[in-house]
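# A predicted structure for the sequence below; I have some questions about it.
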Amino acid sequence: MHVLPYLVAAYVFLVGAYGLATSRNLIHAVGCLAVCQSATYVLLLAVGYRDGGTAPVFSDIRPGSRPVVDPVVQ
């Protein structure tokens, strides 16, 4: 398990939260909220990723032979 995606998500979220806390302009606050939202996307992608995993689609691979990646983590 790699820690880098979690650190990136935490850093992006903290940057967005800092911008949200210090903004005096409503448009700037909405932009910072969008940055926080993209941090949650990175976190969800990091949670659902597996090394060597495949997408769970119909194929000729036997069930249980390979790990699958969760496409809908949330």
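Looks like it came in fine.
# how about the spatially most central residue of the chain, what does it touch?
Computing the C-alpha centroid of the chain and ranking residues by Cα atoms, centre = their mean puts residue 42 first, at 2.1 Å. Listed by Cβ atoms under 8 Å, 6 or more residues apart in numbering, the contact set of residue 42 reads 5, 8-9, 12. Every residue, glycine included, has its C-beta placed from N, CA and C.
# want to try a markdown table for these, with neighbour count as columns?
As requested, the contacts of residue 42 are arranged in a markdown table below (neighbours: other Cβ atoms under 10 Å):
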| residue | neighbour count |
| --- | --- |
| 5 | 15 |
| 8 | 14 |
| 9 | 20 |
| 12 | 19 |
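# could you find the closest non-adjacent residue to residue 56?
The spatial neighbour of residue 56 that comes closest, neighbours along the chain excluded (Cβ to Cβ, 6 or more residues apart in numbering), is residue 68 at 4.4 Å.
# give the bridge partners for that neighbour, please.
In this structure, residue 68 has beta-bridge partners residue 54, where bridges are defined by DSSP bridges.
# against residue 29, how distant is the residue sitting furthest away from the middle of the chain?
Within the chain, the residue lying farthest from the chain centre (Cα atoms, centre = their mean) is residue 60, at 29.6 Å. When Cβ to Cβ, to the nearest Å is the yardstick, residue 60 and residue 29 sit 51 Å from each other.
# ok, residue 39 next?
16 Å.
# the two: which has the busier surroundings?
Neighbours of residue 39 and residue 29, each counted by other Cβ atoms under 10 Å, are more numerous for residue 39; the result is 20 against 15.
# list the contacts of that one.
Residue 39 sits next to 9-10, 12-13, 16 when contact means Cβ under 8 Å, 6+ apart.
# pLDDT weak spots in the protein?
Low-confidence segments of the chain (pLDDT under 70): 1, 58-59, 71, 73-74.
# could you rerun that using 90?
Per-residue confidence for the chain (pLDDT under 90) gives these ranges: 1-2, 44-74.
# tell me which element the closest residue to residue 35 other than its chain neighbours is part of?
The spatially closest residue to residue 35, leaving aside those adjacent along the chain, is residue 16, at 3.4 Å (Cβ to Cβ, 6+ apart). Using DSSP states H and E, residue 16 sits in helix 4-22.
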